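Colleague: using only what follows, build the 3D model:
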Amino acid sequence: MKTIEDLGDLRGKTVLVRSDFNVPLDGTTITDDGRVRAALPTLTTLLGKGARVVVAAHLGRPKGAPEAKYSLAPVAERLSELLGQPVALAEDVVGDSAKATVAALQDGQIALLENIRFDPRETSKDDAERAALAEDLAALADAFVSDGFGVVHRKQASVYDVAQKLPSAVGLLVLKEVDSLKKATENPERPYVVVLGGSKVSDKLGVIANLLTKADRLLIGGGMVFTFLAAKGYSVGASLLEADQIDTVKGYLAKAEELGVEIVLPTDIVVADAFAADSPHDDVAADAIPDHRIGLDIGPASRELFREKILDAKTVVWNGPAGVFEFAEFSHGTRAIAQALVEAGENGAFTIVGGGDSAAAVRVLGFDEAAFGHISTGGGASLEFLEGKSLPGIAVLEG
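Modeller: Residues are numbered from 1 along each chain as shown. You can find the predicted model right below:
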């Protein structure tokens with residue numbers, strides 16, 4: 001893949017950067033600016049080279065038309081604070097405002113286009129429609145830098161199509177993401193431990209299938225664990241269960257035994273009366289969940305078990321929280337996993353937090369991000385990488 005250095009002298013050139021600014025908002029307040037901060041190395045590098053930087057990004061899931069609640073205005077404000085210089089925000093994607101905003105840039109200045117998904121062509125399944133938007137974007141710039149790892153698994157106009165219309169390179173963030181994930185999946189140091197959580201096992205079927213041929217040990221938590229427990233014949237009460245995946249999970253358990261891969265399931269579960277932060281709760285054995293109760297976290301014995309299974313690893317990848325970490329009483333399992341990764345890292349292991357809810361949990365629970373080998377900005381993209389899939393936004397840059 002070509003890097004920014006391969007683009008040559010950028011002074012006076014306009015560079016379109018695809019970033020990922022899909023940040024959580026409380027009204028107009030950004031509650032986690034991790035993705036904005038992750039974009040800074042690429043942006044500051046380009047600005048330092050005298051480029052005129054134009055950023056395209058999305059936020060939320062607008063229906064192909066402007067929606068005030070999905071405006072990138074809060075991002076422009078926060079990015080301006082972090083960069084220490086003004087960030088002009090266009091009022092549209094590729095219309096008159098975008099053209100005027102870009103034309104007004106001087107060397108070393110930056111502008112942000114309005115939410116790219118306000119244009120329905122961005123996510124169109126029609127190649128010609130996406131190509132038309134890519135032409136409009138390319139008309140604004142002299143070069144393209146792909147730096148939104150959270151979207152590189154999407155075949156979208158500002159990710160895939162525009163890369164075919166301009167001299168293109170990979171940004172520092174995407175380069176770091178790919179190098180880190182390759183380090184964890186191509187001849188990783190062993191023991192190689194993968195911790196999987198999150199709500200649905202169906203979201204990670206391909207990942208599990210692929211990792212059974214690569215990892216030494218899989219630790220399963222989160223809502224998806226109840227399908228594993230059901231596959232072992234346990235009752236899971238009112239817990240989240242994908243009954244249609246039980247046979248698939250049985251197959252994985254059998255395959256793991258055949259390959260000598262250890263699958264570690266919780267031995268105890270924190271069960272509650274209801275899905276609520278203040279719901280009464282207790283610790284019960286994983287094979288004794290009452291019919292009327294719902295599992296919301298792994299129990300104390302399981303936290304210690306998971307810690308032991310992580311501490312001797314040389315490579316650890318974690319994707320998905322162990323429980324409903326947004327509720328303080330059910331965040332202990334997720335906290336224990338994060339702490340175990342920190343300790344493993346101190347022992348010399350290379351650790352990756354695989355984006356999405358896992359990355360959010362690390363920040364919400366107050367961990368120092370520097371304590372982990374790498375925190376991914378793309379949950380879906382990192383999962384597809386772990387699944388062994390080709391990422392269109394990367395493949396197009398590789399030619």
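Colleague: hey, let's count contacts and neighbours off CA atoms from now on
Modeller: OK.
Colleague: for this structure, what helix or strand is lowest in average pLDDT?
Modeller: Every helix and strand of the chain was ranked by mean pLDDT, DSSP states H and E. The lowest is helix 379-386, at a mean of 86.
Colleague: list of residues touching that helix?
Modeller: With contact meaning C-alpha atoms under 8 Å, 6 or more residues apart in numbering, helix 379-386 is reached by 149-153, 181, 185, 204, 207, 210-211, 319, 354-357, 376, 390-391.
Colleague: now stretch 148-163
Modeller: Counting by C-alpha under 8 Å, 6+ apart, 18-20, 56-57, 116, 121-124, 130-131, 133-135, 137-138, 144, 146, 173-174, 177, 377-381, 384, 390-394, 396-397 sit against stretch 148-163.
Colleague: drop anything exposed from those.
Modeller: Buried by 16 or more other C-alpha atoms under 10 Å: 18-20, 56-57, 116, 121-124, 130-131, 133-135, 137-138, 144, 146, 173-174, 177, 377-381, 384, 391-394, 396-397, out of these.
Colleague: which ones among these lie within strands?
Modeller: 18, 56, 144, 146 (DSSP state E).
Colleague: relative to residue 137, how far out is the last one?
Modeller: Spelled out, it's residue 146. Look at residue 146 and residue 137: by C-alpha to C-alpha, to the nearest Å, they are 13 Å apart.
Colleague: same check on the first one?
Modeller: With distances defined as C-alpha to C-alpha, the gap from residue 18 to residue 137 amounts to 11 Å.
Colleague: what do you get for the second one?
Modeller: As for residue 56, its distance to residue 137 is 9 Å (criterion: C-alpha to C-alpha).
Colleague: which residues do these two both contact?
Modeller: With C-alpha under 8 Å, 6+ apart, residue 56 and residue 137 have common neighbours 16, 158.
Colleague: quick one: low-confidence parts of the stretch 201-350 of the chain?
Modeller: Residues of the stretch 201-350 of the chain meeting the criterion pLDDT under 70: none.
Colleague: all helices for the stretch 51-200 of the chain, in order.
Modeller: Assigned by DSSP state H, counting those that start in this stretch, the stretch 51-200 of the chain shows helices spanning 73-83, 96-103, 127-138, 172-185.
Colleague: would CSV of the ones you listed with mean pLDDT be doable?
Modeller: Output for the helices of the stretch 51-200 of the chain, formatted as CSV (pLDDT from 0 to 100):
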stretch, mean pLDDT
helix 73-83, 98
helix 96-103, 98
helix 127-138, 98
helix 172-185, 92
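Colleague: so for residue 63, which of the ones you listed sits nearest?
Modeller: Among these, the nearest to residue 63 by C-alpha to C-alpha is helix 127-138 (15.5 Å).
Colleague: got the angle for the closest one vs helix 96-103?
Modeller: Calculated by axes from the mean of the first three to the mean of the last three C-alpha atoms, to 10 degrees, helix 127-138 forms an angle of 40 degrees with helix 96-103.
Colleague: now helix 127-138 - C-alpha only, CSV.
Modeller: Only the C-alpha atoms of helix 127-138 are listed here, as CSV (Å, rounded to 0.1, in the frame of the first residue of the first chain):
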residue,chain,number,x,y,z
ASP,A,127,-21.9,1.0,-8.8
ALA,A,128,-22.7,3.9,-11.2
GLU,A,129,-24.4,6.0,-8.4
ARG,A,130,-21.4,5.5,-6.1
ALA,A,131,-19.0,6.3,-8.9
ALA,A,132,-20.9,9.6,-9.6
LEU,A,133,-20.4,10.7,-6.0
ALA,A,134,-16.8,9.7,-6.2
GLU,A,135,-16.3,11.9,-9.2
ASP,A,136,-17.8,14.8,-7.3
LEU,A,137,-15.5,14.2,-4.4
ALA,A,138,-12.5,13.7,-6.6
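Colleague: quick check: closest non-adjacent residue to residue 200.
Modeller: Nearest residue to residue 200, sequence neighbours excluded (C-alpha to C-alpha, 6 or more residues apart in numbering): residue 224, at 4.7 Å.
Colleague: now the one you found: phi and psi?
Modeller: phi -70, psi -20 (degrees, to the nearest 10).
Colleague: isn't it up against residue 195?
Modeller: No. Counting by C-alpha atoms under 8 Å, residue 195 is not a contact partner of residue 224; they are 11.9 Å apart.
Colleague: thought residue 16 was touching residue 55?
Modeller: Yes. Counting by C-alpha under 8 Å, residue 55 is a contact partner of residue 16 at 5.8 Å.
Colleague: name the residue in these two with the higher neighbour count.
Modeller: Set residue 16 next to residue 55 and count neighbours by other C-alpha atoms under 10 Å: residue 16 wins out with 28 against 23.
Colleague: please give the element, helix or strand, for the more buried one.
Modeller: strand 14-18 (DSSP states H and E).
Colleague: mean confidence (pLDDT) on that strand, please.
Modeller: For strand 14-18, the mean per-residue pLDDT is 98.
Colleague: neighbouring strands of it in the sheet, and parallel or not?
Modeller: The pairing partners recorded for strand 14-18 under DSSP bridges are strand 52-56 (parallel), strand 143-146 (parallel).
Colleague: so residue 339 lies in a helix, does it not?
Modeller: Yes. Using DSSP: H, G, I helix; E, B strand; the rest coil, the assignment for residue 339 is a helix.
Colleague: distance of it relative to residue 170?
Modeller: In terms of C-alpha to C-alpha, residue 339 sits 32 Å off from residue 170.
Colleague: so those two - more neighbours on which side?
Modeller: Using other C-alpha under 10 Å as the criterion, residue 339 and residue 170 rank with residue 170 on top: 28 against 17.
Colleague: so residue 270 is in which element?
Modeller: Going by DSSP H and E, residue 270 is in strand 268-272.
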